[in-house]
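> Structure for this input, please:
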Amino acid sequence: MGQTGILLESGTNELEIVEFFVDEAAPDGVAAGVLDGSGTVVANAGACVAETPVGGGFAAAAPLSCGSLRRRYGVNVAKVVEIIRMQPITALPQMPHPAVLGAFPHRDGRVIPLVDLAKYLGIPRDTSGEPKIIVTEFNTVITGFLVSGVNRIHRISWTDVEAPGRFLQEASRNSITGMVRLDERVVFLLDMESIVAEMHPDLSIRMERPLASASAGERGQGADAADGATEAVPPVAQPDLPPRRYRILHADDSGSVRRLVRSLMEASGRFELLQANDGQEAWDMLDGLRREAEAKGVPLSDLVQAVVSDIEMPRMDGLTLCRRIKEDPALRALPVALFSSLVSERLGHKGESVGADAQFAKPDLQQLSQKVLELLGESA
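The predicted model follows:
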């Protein structure tokens with residue numbers, strides 16, 4: 001799939017999703033149909049029919065077999081490298097997960113794993129059609145996902161993305177991050193990051209040890225000892241002041257990520273975190289802090305020193321949040337760091353276009369703490 005004319009301008013609070021589907025082989029006697037958000041057949045096809053993609057760019061979708069149920073999913077276009085036909089697969093020794101079918105050669109001689117999405121989701125896939133592979137890149141990792149077919153690209157607003165209910169989350173193994181209603185049907189947005197992290201635990205967000213909170217004096221003594229100094233350093237009259245504690249506004253729609261970020265950054269003793277569930281809530285919190293600073297007659301930097309934001313979030317995404325901060329006269333001096341699986345060499349220009357001061361790729365939380373301190377003019 002070519003990228004020309006597909007990726008949106010940054011900071012518009014819009015995204016484009018690739019709609020794809022997994023055809024489930026239904027039990028005998030169940031007519032063909034389409035599932036709604038609760039798993040109920042809402043459209044009885046009656047006979048086997050083919051879908052015609054709209055907008056071009058993809059091969060014709062495979063016919064929906066009699067007795068099949070079609071499950072529709074979506075993934076952010078920014079994560080998609082290309083869509084290709086099924087490839088010859090080489091089995092991997094000691095495959096880490098039963099949904100990993102094997103690996104196949106990709107560009108530049110790179111070998112990438114192939115995940116059977118139906119098997120991961122516990123769906124008995126209908127094998128009568130010609131499957132497709134969606135090649136994705138995020139967290140600097142390239143992965144192939146086997147699906148039944150690809151339909152089209154949709155441009156939507158983050159305000160149209162609905163949060164999944166608890167029942168749906170549990171039924172999907174917490175792999176669904178949102179739902180979009182399109183043309184009287186529901187498309188589920190998949191959390192590809194959590195799926196890949198389960199395939200490869202080393203790619204999940206890492207919780208390293210907290211940053212050392214030793215004072216500058218303690219660090220200096222350690223350096224003297226390492227240099228083999230024999231002359232005692234006379235004690236100072238005043239004890240060292242503790243390092244400055246920074247107040248950071250962190251926005252991420254993942255509760256687990258918010259908990260991990262808070263745990264690590266506050267454990268270092270250098271940060272106090274304010275947290276928001278999405279970009280809109282973060283913007284509202286900044287507006288409240290601005291009004292508080294004006295009422296107290298103090299600069300905003302006395303109340304909050306930096307913003308760390310995910311990119312993919314409902315209601316308002318991180319790129320739009322960053323753009324609005326940098327366009328606001330009272331907020332533009334506030335450093336903004338984007339911490340997202342979408343940060344890569346291929347997509348780094350999107351953060352730059354909205355004025356982000358720094359961009360960090362998940363999953364290394366230890367690097368996040370260090371980079372935020374550097375952004376604030378300190379070293380870890």
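
> Just the pLDDT at Arg107, thanks.
Arg107 carries a pLDDT value of 80.

> So which residues of the stretch 201-350 of the chain form helices?
216-226, 255-267, 279-296, 318-327, 348-353 (DSSP state H, counting those that start in this stretch).

> Quick one: list the elements packing against the second one.
What it means is helix 255-267. On a contact count with 3 or more CB pairs under 8 Å, 6 or more residues apart in numbering; DSSP states H and E, helix 255-267 meets strand 246-251, strand 271-276, helix 365-375. In this view, the C-beta of every residue, glycine as well, is placed from N, C-alpha and C.

> Let me know which of the helices of the stretch 201-350 of the chain is tucked in deepest.
helix 318-327 (a mean of 24; mean count of other CB atoms under 10 Å).

> Mind listing residues that contact that one?
Helix 318-327 is contacted from outside by 10-13, 158, 251, 279, 282-283, 286, 307, 309-312, 331-332, 334, 336, 338, 340, 350-351, 354-356, using CB atoms under 8 Å, 6 or more residues apart in numbering.

> Give me the buried entries from those.
Burial by neighbour count, 16 or more other CB atoms under 10 Å: within these this picks out 10-11, 13, 158, 251, 279, 282-283, 286, 307, 309-312, 331, 334, 336, 338, 340, 350-351, 354-356.

> so how far is Thr177 from Met313?
10 Å (CB to CB, to the nearest Å).

> so what sits against both of the two?
Common neighbours of Met313 and Thr177 (criterion: CB under 8 Å, 6+ apart): Asp253.

> Just want to know which of the two has more residues nearby.
Met313 (29 against 24; other CB atoms under 10 Å).

> State the distance from Arg290 to Trp283.
According to CB to CB, Arg290 and Trp283 sit 10 Å apart.

> How many residues are close by Thr159?
Residues near Thr159, counting by other CB under 10 Å: 12.

> which stretches of the stretch 51-200 of the chain form helices?
Using DSSP H, counting those that start in this stretch, helices in the stretch 51-200 of the chain cover 117-121, 166-171, 192-199.

> tell me, which of the ones you listed is the model least confident about?
helix 166-171 (a mean of 70).

> can you tell me which residues contact the closest residue to His97 other than its chain neighbours?
Nearest residue to His97 in three dimensions, chain neighbours excluded: Met199, at 4.9 Å (CB to CB, 6 or more residues apart in numbering). Listed by CB under 8 Å, 6+ apart, the contact set of Met199 reads 96-97, 99-100, 113, 115, 143.

> repeat that for 7 Å
Met199 makes contacts with 96-97, 100, 113, 115, as judged by CB atoms under 7 Å, 6 or more residues apart in numbering.
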